[in-house]
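Chemist: got a sequence here, can you build the structure:
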Amino acid sequence: MGMAASQARYLGLTARKTNVEYEGQQINQARTALANQSANTFNDLLALEVPTAPSTQDYTELKYTYTDGTEAEEISSMTELQNDPDGYNYLVTHFHFADIYRGVQNKLANPQVVQDDVSTKDVISRDDIDTVEQPTYTVNGYNVTTYDPANANQKNNFDQLVAQYPDMDPNDMMTYTDADGSMHFVSRTELEGTGDIKDRYVQTGTASEATVQRANITTAGTPGNETYTVNGFNVNDYDAADPVQKAAYDRLAAQYPDMSEADAKTYTDADGNLHFVSETELQGAGDIKDRYIDPNTDTIVDGTATRGDIVTTEPTGNLTYTVNGNQVSKYDPTNLEQKKVYDKLVEDYPSMSKNIDDLGCYTDEDGRIHFTSLSGLADDTAGDLTDYYVESGVPTYVGNCKLEKYDPADPELKTAYEQILKDWPDSNIALADPEDIYTWEWQGETRFACAQDLTSSAISGPDQSLPTENQDKLTYYVAKNVQEKIERTEKAMVDLDEQGRPQTIRYQDSSVTYYLNTETETDQDAYQDAMNQYNYDMQVYEKAIQDINARTERIQQEDRTLELRLRQLDTEQEALQTEMEAVKKVIDKNIESTFKTFE
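Modeler: Okay, here's the model as predicted:
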């Protein structure tokens, strides 16, 4: 090997040796880090606490009980009293469990509340029925009737006219139909007046207005225009323009200053005597004063007419009926709204169709159309009347359970309902009218809910094409026995045995001494909970041990790998050192043979 080659080989070996030494240093540093990890793992192991299994003794206690004749009482605490003025030595808390009847509130998820239109049969009290007598009118010889907005033909004509004449008030309108079939609208207020009136109608599709002269209007049956007879003679208004009446009145009024011209009425008897009576007294209830001048003696006679001699004739007008203030009209089958309600009612109450001509209708303040008997309204002796109507949006089902109206006549339902109100005074069901309470049966349990809560759930479904799906929770109530803890604290005289255990007890408000039963009781539920916790803690502990062992094994495996590599590097280092020494000898020999001149 030449000098240059030897020198190059030596430099390569030196570089390789340096790399081996550097790699060895890196391995030593890695082994130091592993040693630190191993120490930390060992510290984690030392920090672990071994779980301790629970003992039943920890969950066992002495229990003192007795029976007071009706309830099984248990003493929950006893506090010793010092120097009690009444001589009692303990303050004792005792309790028993009892079934208490309570109203319970619950929430039903996705209740599937169904609403529907329901035919209803109710009762109209005779006290809610009134009669209204109004004057009857004719205009140009045609009978005038009250405008009925439920009549589609009248409504269409009115809507056309009111667009042209906005002063038309539907509550003031009356109508009549002339010989050509044209429908006319006139004002009740103007009819009751004294002048000419406006007459509006639709002709060939055009709103028109005409004037009707007062002479073409007749009035009959005005309320207050009663007529009277006294002793069979017609009573008339006093006419001050008649000199005979005027002279007689002045003479009588001078004698009787209580008379007034505005109140004076007159009649003439069979002998031609002119009598004066009072309109106020005629309208009253008792006998009346009857004054006249006797022509034979020319003296004033202050007589009396008995009530039996007076006959009152009421005016014949347009007599109508109201129910709760709502005017009743005859059922009109051509009225589509009335017909729709009638058809629904007849499905459930077929007897309504037997005498359709006797059906009257009225609309209540909620817009519902009611049906009742016209002949029943007219018969004061008929008593209460049947009232039919259709109620919209009525809750009918909760799921597959049919809803029923709450019946206060049912004693069990009434007891349950009153208990619910007592326990939930501020709830919707407590604030609702009893008529808006519904009940249903579920697995032998009677449930209560108010219309407000039922409707709230019914309309809450997000998809109205599937209204009973995904509804909000329904609040409902039940009344049932609920076991409750009844606890009292009171002073007592307690006798103890030699071991200090209570033997008997007598309370301050009783003369009875009770013998105490001493029992040991283990709270099995609490013990089982503690055992479950212990088993869980053991699993956590064992898992931690497994994790520590796994980390330790990994560290040891990595350390063994590094140690093996270090040994390999040590062997390589020795080999490099031996070869470097051999190369160095070659280099030295080459130097000597090259540069040495003499031996």
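
Chemist: show me what the longest strand that the chain contains is packed against.
Modeler: Ordering each strand of the chain by length in residues (DSSP state E) puts strand 474-496 first. For strand 474-496, the packing partners by 3 or more Cβ pairs under 8 Å, 6 or more residues apart in numbering; DSSP states H and E come out as strand 90-108, helix 411-423, helix 428-431, strand 445-450, helix 451-458, strand 502-507. Using the backbone N, CA and C atoms, a C-beta is placed for each residue, glycine as well.

Chemist: quick one: contacts for the closest residue to residue 389 other than its chain neighbours?
Modeler: Leaving aside its chain neighbours, residue 389 sits nearest to residue 370 (4.5 Å; criterion: Cβ to Cβ, 6 or more residues apart in numbering). With contact taken as Cβ atoms under 8 Å, 6 or more residues apart in numbering, residue 370 is in contact with 323, 326, 361-364, 387-389.

Chemist: just among those, which is most surrounded?
Modeler: residue 361 (24 neighbours; other Cβ atoms under 10 Å).

Chemist: tell me which element residue 219 is part of?
Modeler: strand 217-220 (DSSP states H and E).

Chemist: picking that back up, can I get the helices and strands packed on strand 474-496 in a markdown table with mean pLDDT, mean neighbour count and distance to residue 122?
Modeler: Formatted as a markdown table, those follow (pLDDT from 0 to 100; neighbours: other Cβ atoms under 10 Å; distance: least, Cβ to Cβ, whole Å):
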| stretch | mean pLDDT | mean neighbour count | distance to residue 122 |
| --- | --- | --- | --- |
| strand 90-108 | 95 | 15 | 29 |
| helix 411-423 | 96 | 16 | 20 |
| helix 428-431 | 96 | 17 | 23 |
| strand 445-450 | 97 | 20 | 20 |
| helix 451-458 | 95 | 21 | 16 |
| strand 502-507 | 94 | 17 | 58 |
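
Chemist: minimum distance to residue 480: which of the ones you listed has it?
Modeler: Smallest distance to residue 480 across the helices and strands packed on strand 474-496 (Cβ to Cβ): 6.4 Å, for strand 90-108.

Chemist: helices or strands next to whichever helix or strand comes after that closest one in the packing?
Modeler: Following strand 90-108 in sequence order, the next helix or strand is strand 113-124 (DSSP H and E). The helices and strands touching strand 113-124, judged by 3+ Cβ pairs under 8 Å, 6+ apart, are helix 336-348, strand 385-398, helix 451-458.

Chemist: okay, now the sheet partners of the helix or strand containing the residue nearest to residue 389, with direction.
Modeler: Applying DSSP H and E as the criterion places residue 370 in strand 369-373. Paired neighbours of strand 369-373 in the sheet (DSSP bridges): strand 359-363 (antiparallel), strand 385-398 (antiparallel).

Chemist: so residue 476 makes contact with residue 447?
Modeler: Yes. Counting by Cβ atoms under 8 Å, residue 476 touches residue 447, with 4.9 Å between them.

Chemist: one step back: just so I know, which of the strands paired with strand 369-373 lies nearest residue 512?
Modeler: Among the strands paired with strand 369-373, the nearest to residue 512 by Cβ to Cβ is strand 385-398 (51.4 Å).

Chemist: quick one on the thing from earlier: check the gap between the residue nearest to residue 389 and residue 362 for me.
Modeler: 5 Å (Cβ to Cβ, to the nearest Å).

Chemist: now the common contact residues for the two.
Modeler: 323, 326.

Chemist: thinking again about what came up before, so which of the helices and strands packed on strand 474-496 gets nearest residue 260?
Modeler: Per Cβ to Cβ, nearest to residue 260 of the helices and strands packed on strand 474-496: helix 428-431, 57.3 Å.

Chemist: the biggest helix by length in the chain - contacts with which helices or strands?
Modeler: Using DSSP state H, we find that the single longest helix of the chain is helix 524-595. Applying 3+ Cβ pairs under 8 Å, 6+ apart, one finds that helix 524-595 contacts helix 3-47.

Chemist: off-centre distance for the helix it packs on?
Modeler: Distance, stretch centre to chain centre, for helix 3-47: 81 Å (Cα atoms, centre = their mean, to the nearest Å).

Chemist: cool, stretch 296-314 as well?
Modeler: Using Cα atoms, centre = their mean, the offset of stretch 296-314 from its chain centre is 68 Å.

Chemist: which ones are touching residue 373?
Modeler: 358-360, 382, 385-386.

Chemist: over to residue 265?
Modeler: Neighbours of residue 265 in contact, by Cβ under 8 Å, 6+ apart: 228, 235-238, 276-279, 282.

Chemist: that's a strand at it, yeah?
Modeler: Yes. Residue 265 forms part of a strand when assessed by DSSP: H, G, I helix; E, B strand; the rest coil.

Chemist: pLDDT score assigned to it?
Modeler: Listed pLDDT for residue 265 reads 94.

Chemist: beta partners for it?
Modeler: residue 237, residue 277.

Chemist: relative to residue 143, how far out is it?
Modeler: With Cβ to Cβ as the criterion, residue 265 and residue 143 are 32 Å apart.

Chemist: got it, and residue 428?
Modeler: Distance of residue 428 to residue 143, given as Cβ to Cβ: 52 Å.

Chemist: quick one: which of the contacts of residue 370 is nearest residue 185?
Modeler: Using Cβ to Cβ, the contacts of residue 370 come closest to residue 185 at residue 363, 20.7 Å.

Chemist: the closest residue to the closest one other than its chain neighbours: neighbour count?
Modeler: Leaving aside its sequence neighbours, residue 363 sits nearest to residue 369 (Cβ to Cβ, 6+ apart; 5.5 Å). Neighbour count for residue 369, taken as other Cβ under 10 Å: 20.

Chemist: isn't residue 369 up against residue 341?
Modeler: Yes. Counting by Cβ under 8 Å, residue 369 touches residue 341, with 4.6 Å between them.

Chemist: so what's in contact with the two at the same time?
Modeler: Common neighbours of residue 369 and residue 341 (Cβ under 8 Å, 6+ apart) are 389-390.

Chemist: show me where the stretch 101-250 of the chain has its strands.
Modeler: 113-124, 129-134, 136-139, 142-143, 145-146, 173-177, 183-187, 197-203, 206-212, 217-220, 227-230, 233-234, 236-237 (DSSP state E, counting those that start in this stretch).

Chemist: same question for the fourth one, mean pLDDT?
Modeler: The average of the pLDDT scores along strand 142-143 is 88.

Chemist: show me the strands paired with it, marking each as parallel or antiparallel.
Modeler: strand 136-139 (antiparallel).

Chemist: mind putting the contacts of residue 373 in TSV, distance to residue 99, pLDDT and neighbour count included?
Modeler: Shown next, in TSV, are the contacts of residue 373 (distance: Cβ to Cβ, whole Å; pLDDT from 0 to 100; neighbours: other Cβ atoms under 10 Å):
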residue	distance to residue 99	pLDDT	neighbour count
358	57	90	15
359	54	93	20
360	55	91	22
382	51	77	13
385	47	91	20
386	45	93	15
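
Chemist: what is the nearest of those to residue 41?
Modeler: Closest to residue 41, out of all of the contacts of residue 373 and judged by Cβ to Cβ, is residue 386, at 92.2 Å.

Chemist: wait, what's in contact with the closest one?
Modeler: Per Cβ under 8 Å, 6+ apart, neighbours of residue 386: 121-124, 372-373, 376.

Chemist: as TSV, those with distance to residue 206 and pLDDT would be great.
Modeler: As requested, the contacts of residue 386 are exported to TSV (distance: Cβ to Cβ, whole Å; pLDDT from 0 to 100):
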residue	distance to residue 206	pLDDT
121	47	90
122	46	90
123	49	91
124	44	91
372	40	94
373	42	91
376	44	88
